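# Fold the following.
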Amino acid sequence: MPKIFQYLGYIFFFYSNEHLPIHCHVKKGEKEIKAVLNFHEGKLLVKFLKVRGKNGFEGKQLVVIETFVKNYHEQIVEKWKQFFIYGKSPNFEVISRSK
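So this is what the prediction gives:
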């Protein structure tokens, strides 16, 4: 389970047996959600999916996660390629404030 980011106590990570489309998981405490990155006509669309057996995020927490994913989507995609295509461990980064 490679961790890719930590931001405001949220951990962004991949499971090692992931699949397309490109996505990352976000966990804080007992809550977890999956953030799927889709691109349509050059525009990023972030879709959130529940993770079976886990409580998701709502309200302000979801806004914080969505903002982070939109701001760091290029790095998330690059870390995905690094791990799933090239078989290299992505760098873990602690972010103290969003872009």
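# what is the mean pLDDT for the host helix or strand of residue 33?
Here residue 33 sits within strand 31-40, counting by DSSP states H and E. Averaged across strand 31-40, pLDDT comes to 94.
# just how off-centre is that strand within its chain?
How far strand 31-40 lies from its chain's middle: 7 Å, per CA atoms, centre = their mean, to the nearest Å.
# quick thing: my sequence starts at 43, can you match it?
Yes, from this point I'll number from 43; that puts the last item at strand 73-82.
# In its sheet, which strands sit next to the next helix or strand after it, and in what direction?
Downstream of strand 73-82, the first helix or strand assigned by DSSP H and E is strand 85-92. Sheet pairing for strand 85-92, assigned by DSSP bridges, gives strand 73-82 (antiparallel).
# quick one: the spatially most central residue of the chain from residue 83, how far?
By CA atoms, centre = their mean, the chain has its centre lying nearest to residue 66, at 3.3 Å. Residue 66 is 23 Å from residue 83, where distance means CB to CB, to the nearest Å. Just so you know, the C-beta spots here come from the backbone N, C-alpha and C atoms, and that holds for glycine as well.
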